[in-house]
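1. Requesting a structural model of the entry that follows:
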Amino acid sequence: MNEKFSDHLKLYGLSIQQFQVLRSLKEMNGASADLQTLQAEMVSKNSNTTRLVEKLRLKGYITRNQNEENRRKVDIKITDEGLKMLADIENVQSDFEKDVVGNLTTTEIIALNQLLEKIRK
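-> Alright, predicted model coming up:
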């Protein structure tokens, strides 16, 4: 399942880790995040968050600015272009997930979501 989704993301020029960063920033509802916050949100804790953020910045999907209160921190926000691209991916992802879980009952889907949420934490 991850492999198919990874292949789909490649069409957008993204890795799964970059997608996770964008999704985390979207969930901030316009607020900025710092590198430590994004690192904590990552499923794969081995990801080089600084490198991921820089690649997304170069693509125009995020902005990266020095924090005015703490110059050692960097404020990272998703751009309108990043939100639009993420919405496109999430629409296709929704269809993909329906195909994958189409044979599961509602109870099984709820249990699967609970397990996945537990794994993410």
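
2. Skipping its backbone neighbours, what lies nearest Asn65 in space?
-> Asp75 (5.1 Å; CB to CB, 6 or more residues apart in numbering). For every residue, glycine as well, the C-beta is placed using N, CA and C.

3. tell me which residues of whichever strand or helix holds that neighbour are tucked away?
-> Asp75 is located in strand 74-78, with elements delineated by DSSP states H and E. For strand 74-78, a neighbour-count test (16 or more other CB atoms under 10 Å) marks 74-76, 78 as buried.

4. which one among those residues gets closest to Thr49?
-> Looking at those and their distance to Thr49, the nearest is Ile76, at 9.4 Å (CB to CB).

5. Who are the contact partners of the closest one?
-> Under the criterion of CB atoms under 8 Å, 6 or more residues apart in numbering, the neighbours of Ile76 are 25, 32-35, 38, 53, 62-64.

6. same check, this time on Asp99
-> Applying CB under 8 Å, 6+ apart, no residues contact Asp99.

7. That one and Leu86: what is the separation?
-> As for Asp99, its distance to Leu86 is 20 Å (criterion: CB to CB, to the nearest Å).
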